[in-house]
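Trainee: The sequence and its predicted three-dimensional model are supplied below.
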Amino acid sequence: MTGNELRKLVQSKLYTLTQYVYYFLADKDAMYPHIVFNLSRSAKYDAARDDVTLDVEIFTKSEQEAQDLADAVEAMFNVVNDPQDTLLPTFFVENIKQVPESDKSIRHKTVEITVQNYERR
């Protein structure tokens, strides 16, 4: 099962929220608002299923915008089945939290999501 397919799916969904979406690390001069997401395997149960952790990091200059984007990510991914040609992912939002930043003008929220990702055979 390829992580690239899941990454592309998540990225395409997040692009509907902002044009500035990055995988793993944002550009140094990234515009606001922007989203950084990471995928990591948390468990592999058998050859057909992976449990994956998806962290969606939201960076804005406004608390209201950060909350609105976190709400939109939650609506997009909470208890959602999204069948694809080769993947059958189900998303579950686990937690949304505020992350303190040293630059007080930046608002940072993290949405933690579990993905049960099955391979279509």
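Mentor: Nice, thanks for sending it over.
Trainee: For the most centrally placed residue in the chain, name its beta-bridge partners.
Mentor: In the chain, the centroid-proximal residue (Cα atoms, centre = their mean) is Val56; its distance is 3.6 Å. Beta bridges link Val56 to Phe37, Val111, judged by DSSP bridges.
Trainee: Quick check: it touching His34?
Mentor: No. Using Cβ atoms under 8 Å, Val56 makes no contact with His34, being 11.3 Å away. In this view, the C-beta of every residue, glycine as well, is placed from N, C-alpha and C.
Trainee: and the gap between the residue nearest to the centre of the chain and Arg120?
Mentor: Noted for Val56: a distance of 24 Å to Arg120, by Cβ to Cβ, to the nearest Å.
Trainee: What of Pro100?
Mentor: For Pro100, the distance to Arg120 equals 41 Å [Cβ to Cβ].
Trainee: model confidence over the longest helix along the chain, on average?
Mentor: Determined from DSSP state H, the single longest helix within the chain is helix 63-77. Mean per-residue pLDDT for helix 63-77: 98.
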